[in-house]
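Participant: Curious how this folds, go ahead:
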Amino acid sequence: MNSEEPVISVQGLRRTYGTGQHTFEAVRGVDLSIRRGELFALLGTNGAGKTSLLEIVEGIAPATGGTVRVFGKDPYRERFEVRPRTGIMLQEAGFPADLTTAETARMWHGTLGKPRPVEQCLAMVGLSHRSGVRVSSLSGGERRRLDLALAIMGRPEILFLDEPTTGLDPQSRRSAWDLVRTLLGEGTTVVLTTHYLQEAEELADRLAIMNEGQVVRTGTVADVVAAEPARVRYRTTDPELSDPVALSALPALTGRPRSEATTVDLETTDLQATLTALLLRARERGSALENLEASPASLERAFLAIAEGRDAESVPAAAA
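Facilitator: Modelled structure (predicted):
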């Protein structure tokens, strides 16, 4: 495989459930390209199609249409060649309840080619002190850490993490992030789905936001955030400072200013320019801007705009 080629390539991917009149298309023509050694985050609300897309890329399920290549191979039809080079952490894993943590890890260890030692993997996820505890007695967060230990045990070249920190306390979540950073530093490619937007901001080299089975935005965090306007909100009793027509002359506004009673909302592509002009106008008129709030664009705002259907623009995936 050429080092310049993407390690994961998805083109026109579709996945449909059901038959006849009772079909549902969970993935609708997705294009993605993921580079070797990067962390790519896949975001979206529940039902957006993230897990359905991942199951195809992981080789767990076939695509209904389109193509997917992992290491240049079809991960479903050529699973025997692809699977040993990947690690998968599913949203839920079915561990035998009566086995201990160490016994579960040793059982998995025996299925792998050149795995990391069991003790090392448990130490990497902070479970060494729980090695003799039955799985049924582990907390939800501890089971997630055991999931992660098994996913990294085979020294995967690609690591799929589906909601990896759900149920973890803040300290354990940070420890998991540090572990992921270590793996990235060793050259592992990581594909992550998460509902924690801070997690994506902290870790992702690039990300995609899905909605209704399609990728709506993709790029670096900065790219995605740049597509969302900043906002200014304030209250005023000055008619000139609450008149949408008069406010339209302010620089860098996107859309028409919104005014309801004494509250005004503005959206802008240049927060500093808009805010400076607004404050100067208020000073010239001797008027107060009460409860003034100025908030820059953020990943959370971009995500919510897409989830609420306020962003229908589909942006093609960045080239590898």
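
Participant: CA atoms for contacts and neighbours, from now on please.
Facilitator: Fine.

Participant: and N211, what does it touch?
Facilitator: Neighbouring residues of N211 by Cα atoms under 8 Å, 6 or more residues apart in numbering: G44, T45, A48, G49, I306, A307.

Participant: do that again at 10 Å, thanks
Facilitator: Contacts for N211 (Cα atoms under 10 Å, 6 or more residues apart in numbering) come out as 26-28, 43-50, 217, 303, 306-309, 311-312, 314.

Participant: go on, R235?
Facilitator: R235 sits in contact with 241-242, 259-265, 288-293, where contact means Cα under 10 Å, 6+ apart.

Participant: Need the worst-confidence member of those residues.
Facilitator: Lowest in pLDDT among the contacts of R235 is A261, which has 90.

Participant: Now restrict the contacts of N211 to buried residues only.
Facilitator: 26-28, 43-45, 48-50, 217, 303, 306-307, 311 (16 or more other Cα atoms under 10 Å).

Participant: Specify which member of those is nearest to G87.
Facilitator: K50 (17.4 Å; Cα to Cα).

Participant: Surely the closest one is in contact with R15?
Facilitator: No - using Cα atoms under 10 Å, K50 is not in contact with R15; the gap is 11.2 Å.

Participant: Now list whatever residues contact both of these two.
Facilitator: A26, V27, G213.

Participant: got TSV for those, with pLDDT and secondary structure too?
Facilitator: Formatted as TSV, the shared contacts of K50 and R15 follow (pLDDT from 0 to 100; DSSP: H, G, I helix; E, B strand; the rest coil):
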residue	pLDDT	secondary structure
A26	96	strand
V27	97	strand
G213	96	coil
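
Participant: Reformat the residues you listed as TSV; add distance to H129.
Facilitator: As requested, the shared contacts of K50 and R15 are exported to TSV (distance: Cα to Cα, whole Å):
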residue	distance to H129
A26	42
V27	42
G213	42
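
Participant: Which of the residues you listed sits closest to S9?
Facilitator: Distances from S9 to the shared contacts of K50 and R15, taken by Cα to Cα, are shortest for V27, at 15.2 Å.

Participant: Quick one, grab the pLDDT at A226.
Facilitator: 88.

Participant: should've said V315
Facilitator: 39.

Participant: This protein: helices as residue ranges?
Facilitator: For the chain, helices defined by DSSP state H occupy the ranges 50-57, 79-82, 101-109, 118-124, 140-153, 170-185, 197-203, 221-226, 244-247, 271-285, 299-307.

Participant: Report all helices and strands that the third one contacts.
Facilitator: Spelled out, it's helix 101-109. When contacts are defined as 3 or more Cα pairs under 10 Å, 6 or more residues apart in numbering; DSSP states H and E, helix 101-109 sits against helix 118-124, helix 140-153.

Participant: tell me, how many neighbours does L90 end up with?
Facilitator: By other Cα atoms under 10 Å, 19 other residues sit near L90.

Participant: Ok, L42 next?
Facilitator: By other Cα under 10 Å, the burial measure for L42, its neighbour count, is 25.

Participant: one step back: okay, the helices of the chain in a markdown table with distance to M89 next?
Facilitator: Shown next, in a markdown table, are the helices of the chain (distance: least, Cα to Cα, whole Å):
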| stretch | distance to M89 |
| --- | --- |
| helix 50-57 | 11 |
| helix 79-82 | 16 |
| helix 101-109 | 13 |
| helix 118-124 | 14 |
| helix 140-153 | 6 |
| helix 170-185 | 13 |
| helix 197-203 | 16 |
| helix 221-226 | 24 |
| helix 244-247 | 51 |
| helix 271-285 | 41 |
| helix 299-307 | 24 |
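
Participant: Tell me which of those helices sits nearest to L90.
Facilitator: L90 sits nearest to helix 140-153 of all the helices of the chain, at 7.8 Å, using Cα to Cα.

Participant: Quick one: mean pLDDT for that closest one?
Facilitator: Computed over helix 140-153, the average pLDDT equals 95.

Participant: Dump the C-alpha coordinates for that helix into CSV.
Facilitator: Taking Å, rounded to 0.1, in the frame of the first residue of the first chain, the C-alpha atoms of helix 140-153 are listed here in CSV:
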residue,chain,number,x,y,z
GLY,A,140,-19.9,0.5,34.1
GLY,A,141,-16.8,2.7,33.7
GLU,A,142,-14.5,-0.2,34.6
ARG,A,143,-16.1,-2.4,32.0
ARG,A,144,-15.5,0.4,29.4
ARG,A,145,-11.8,0.4,30.4
LEU,A,146,-11.7,-3.4,30.0
ASP,A,147,-13.2,-2.9,26.6
LEU,A,148,-10.4,-0.5,25.7
ALA,A,149,-7.7,-2.9,27.1
LEU,A,150,-8.9,-5.6,24.8
ALA,A,151,-9.2,-3.3,21.8
ILE,A,152,-5.5,-2.2,22.1
MET,A,153,-4.1,-5.6,23.1
